[in-house]
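>>> Here is a sequence together with a model predicted from it:
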Amino acid sequence: MSAAGNDANDGRSEATPWKTIGKVNSSFWAPGDRIRFRAGDKFDGNVWLHPGNLPSRGDQNNRMIVETYFTVIGGPLAEINPTFGGETGMVHVDRVGGVTVQNLKLTAPDITKMPRGGVLINNNSAQRVGGITVQRCDISGIRHGEATGYFGGEVFVEGYPGTGGIENVLIQNNNLHGRDGLTSRDDLGTGGFGNGRNVFNMVHRGNLCYHIGGSSMLPAISPTQQGYPPMGDGLDFNGVQGGLSEFNIIHDNAWNYTNPGGGPCAILTANAANVTVQFNEGYNIQPANPIQAADFVGLDLDNSTENSVVQFNYMHDNYNSGIMLFSNGAADWNNNTLRKNLCVNNCKSGQYGFGEITIGIPGGNPTIHVDDNVTYNDRIYHGQPYQNLDQGSPGISMNAEGTFGGTIQRNTNIMSQDIYGLWSPLNARKNTSGWNPSVTISDNQWLGRNGGFALWWGQMMYNDLGSWQAASGRGPNIAVAGAGPNVFVTYQLALSSADRTVAANALAAITTISGIDIVEPRASALRTRLLAGDSPVTLPEFIALGFALTRMDTAASNALLVRIKAIVLAV
């Protein structure tokens, strides 16, 4: 494919390229075929692969590839702009599998021609499809909510209404972002929905997702219709059975969102099971102006999530919590674990119902495990007494009336005083008389940087730890005044000279990525240290290094990442 091509050509070489996407869509394809767009050229249209032009429906072991072909190493990506909108994509993988979409710039500048996805993957049939990869693409501008009232995403995956499902979806090393900076009205980085949980084995890895601003209003529905969840989210797992999210960086999203009933997250699971979320960073998920609102958190295991694990993530500087467990009380939210995460200076809003970690469970009596996490908050709040905003930040908040079992153990929570001069490691204030969940709360270390101790439990506030432990039957825990330990603990990776060279090259490569933001100086500083010799790394540095090695995607970088990831996971 070339902007200077001719559809009368055979399309089989760079010397005889086709010109239009219409020619692509009217041709027949087979597993192993390639659709190649000339680097730096711009194409108008919507690539559509479906059983009519891919009769075999694809082969996961012999991929069809849609890509840029480069005339010079490191040249610009080919760009595709849609010519029509609706339930489609700039690249639409429709009821077929065995397709890789790579090295393309997909952008939607015209609101009147707004597809649902930059890449739309859907299966409304009864036959399973799978083996679909989206990698190394730059995708922006999907404002399907603004155009139609229904949310879309830079990559959008739909298992509904089909019964066959979609399997083995890999979304990696992409830049997913708004076209217009912080105020962009893009709907989602990645998202979608299943028919139940019929999207199997979805992986998000090495993606950079930023300036997904969401929409304040949806005029296509009515002049008063506000944007709604999941608009403004970064990376979503919805309708997924088996998933992995690792080494993604999500920042500065949700700017336009104003609906107080539920808000955006950096990473969200809903109607999902067996998802592992690890080594991700999320920050500055926040509205343009202070509002009293739910969500706006780093990471959320939301409605109908079960058997999922959140570990070794770095969530910081978000409007509300770093991490939230949220249920609507249904039985299919259960057995979820938070472990060894780092949450720092979230809770910008100062809403007391949100702590650095929030547990919002209204019913169902599920089992949870919130163990070995570290939270830190030294924000100074300035709100007026007995209001909702700018009040303070508990270490852990339990903001619903339901009970639950499991464990809250070995966490380190460091906090500053609220506007009342008190620091609260646990806010479990309730309206329900006799509220007493069976969860074990023990071996936690709670440190107040200033002020006096306060802990709400049910309908009672306690001003010393011993009284609360005696009344609740929980403990032992430690609560002391003091600055606390260094929360940025380090990991020894034992890197050889050859390892450090690979790592340094990978870190150098990501510093020039548009949108890398505050990760750039961290990556540069780590690179300097590694060039000088072996060095321990903090969790934020390890996430930057893992992101860089994932993006490098060579045999050497992948082997190194596997080895050092195992070291950290074993800690």
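That came through, no problem.
>>> looking at the sheet around the nearest residue to residue 103 once chain neighbours are set aside, what are its partners?
Nearest residue to residue 103, sequence neighbours excluded (CB to CB, 6 or more residues apart in numbering): residue 68, at 4.2 Å. Using the backbone N, CA and C atoms, a C-beta is placed for each residue, glycine as well. Here residue 68 sits in beta bridges with residue 37, going by DSSP bridges.
>>> Distance of residue 68 relative to residue 4?
Remark: distance between residue 68 and residue 4 (CB to CB, to the nearest Å) = 16 Å.
>>> Those two: which has the busier surroundings?
Between residue 68 and residue 4, counting by other CB atoms under 10 Å, residue 68 is the more crowded of the two (24 against 8).
>>> And the pLDDT at the more buried one?
Looking at residue 68, its pLDDT is 98.
>>> Then residue 446 would be within a strand, right?
Yes. Under DSSP: H, G, I helix; E, B strand; the rest coil, residue 446 falls within a strand.
>>> check contacts around the closest residue in space to it that isn't next to it in sequence.
Residue nearest to residue 446 in three dimensions, not counting chain neighbours: residue 425, with 3.6 Å by CB to CB, 6+ apart. Each residue near residue 425 by CB atoms under 8 Å, 6 or more residues apart in numbering is listed here: 394-396, 413, 415, 444, 446, 448, 455, 479.
>>> mind redoing it with 10 Å?
355, 375, 394-396, 411, 413-415, 444-448, 453-455, 465, 468, 477-479 (CB atoms under 10 Å, 6 or more residues apart in numbering).
>>> Likewise for residue 481?
Residue 481 makes contact with 423, 447-453, according to CB under 10 Å, 6+ apart.
>>> switch to 7 Å and redo it
residue 448 (CB atoms under 7 Å, 6 or more residues apart in numbering).
>>> same deal with residue 255?
Counting by CB under 7 Å, 6+ apart, residue 255 has contacts 182-183, 213, 287-288.
>>> for residue 184, same thing?
Residues near residue 184 by CB under 7 Å, 6+ apart: 178, 211, 213.
>>> mind checking pLDDT for the last one?
According to the prediction, residue 213 has pLDDT 98.
>>> was I right about it contacting residue 189?
No. Here residue 213 lies out of contact with residue 189, judged by CB atoms under 7 Å, at a distance of 11.5 Å.
>>> who's more crowded, the two?
More crowded of residue 213 and residue 189, by other CB under 10 Å: residue 189, with 34 against 28.
>>> From residue 39, how far off is that one?
25 Å.
>>> what does residue 228 give?
39 Å.
>>> mind listing the helices in the stretch 451-571 of the chain by residue range?
For the stretch 451-571 of the chain, the helices defined by DSSP state H, counting those that start in this stretch cover 465-472, 497-510, 519-532, 539-552, 555-569.
>>> what's the strand or helix carrying residue 414 packed up against?
Assigned by DSSP states H and E, residue 414 belongs to strand 412-415. If contacts are counted by 3 or more CB pairs under 7 Å, 6 or more residues apart in numbering; DSSP states H and E, strand 412-415 sits against strand 374-376, strand 445-448.
>>> thinking again about what came up before, among the contacts of residue 425, name the buried ones.
Buried subset of those (neighbour count, 16 or more other CB atoms under 10 Å): 355, 375, 394-396, 411, 413-415, 444-448, 453-455, 465, 468, 477, 479.
>>> Span of stretch 271-283 from start to end?
Taking CA to CA, to the nearest Å as the measure, stretch 271-283 stretches 24 Å from start to finish.
>>> Buried subset of the contacts of residue 255, written for PyMOL?
Listed next is the PyMOL selection for buried residues among the contacts of residue 255, using 16+ other CB under 10 Å:
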select buried, resi 213+287
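>>> from the contacts of residue 255, which ones fall inside strands?
Among those, no member falls in strands (criterion: DSSP state E).
>>> Counting neighbours, which bits of stretch 527-547 end up buried?
527, 530, 535, 537-547.
>>> Which one of those is nearest to residue 30?
The closest of these to residue 30 turns out to be residue 547 (CB to CB; 35.8 Å).
>>> My understanding was that that closest one contacts residue 246; is that so?
No. If you go by CB under 7 Å, residue 547 and residue 246 don't touch, sitting 9.3 Å apart.
>>> picking up where we left off before, centre of the chain to the strand holding residue 414, how far?
Distance, stretch centre to chain centre, for strand 412-415: 25 Å (CA atoms, centre = their mean, to the nearest Å).
>>> Check stretch 256-266 too.
15 Å.
>>> Pull the residues that contact it.
With CB under 7 Å, 6+ apart as the criterion, stretch 256-266 contacts 183, 185, 213-216, 226-229, 231-234, 250, 253-254, 282, 285, 287-288, 291-300.
>>> got it, and stretch 298-307?
265-274, 277, 282, 285, 308, 310, 313, 315, 318, 322-328, 330, 332-336, 346.
>>> Now it: buried residues?
298-306.
>>> Among the residues you listed, which one sits closest to residue 158?
Nearest member of the buried residues of stretch 298-307 to residue 158, counting by CB to CB, is residue 304, at 17.5 Å.
>>> So for the residue minimising distance to the centre of the chain, what's the pLDDT?
Against the mean C-alpha coordinate of the chain, by CA atoms, centre = their mean, the closest residue is residue 267 at 2.8 Å. With respect to pLDDT, residue 267 has a value of 98.
>>> Helix or strand: which one has it?
strand 265-270.
>>> Name the next helix or strand following that strand along the chain.
strand 272-278.
>>> Quick check: neighbours of the helix or strand following that following strand in the sheet, parallel or antiparallel?
Next along the chain after strand 272-278, taking DSSP H and E as the criterion, comes strand 281-285. With DSSP bridges as the test, strand 281-285 is paired with strand 249-253 (parallel), strand 314-316 (parallel).
>>> for the longest one, the distance to its chain's centre please.
Okay, so that is strand 249-253. The answer for strand 249-253 is 8 Å, by CA atoms, centre = their mean.
>>> Tabulate the CA atom coordinates of that strand in PDB.
Output of strand 249-253 as PDB, limited to C-alpha atoms (Å, rounded to 0.1, in the frame of the first residue of the first chain):
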ATOM      1  CA  ILE A 249       2.200   3.300  32.700                       C
ATOM      2  CA  ILE A 250      -1.000   5.300  32.900                       C
ATOM      3  CA  HIS A 251      -1.200   8.900  33.800                       C
ATOM      4  CA  ASP A 252      -3.100  12.200  33.500                       C
ATOM      5  CA  ASN A 253      -6.500  10.800  32.600                       C
END
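>>> Export the helices of the stretch 451-571 of the chain to TSV and append columns for mean pLDDT.
Formatted as TSV, the helices of the stretch 451-571 of the chain follow (pLDDT from 0 to 100):
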stretch	mean pLDDT
helix 465-472	97
helix 497-510	98
helix 519-532	98
helix 539-552	98
helix 555-569	98
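>>> For residue 491, give me its contacts.
536-537, 542, 567-568, 571.
>>> How about residue 119?
89, 91, 101, 106, 134, 139, 155.
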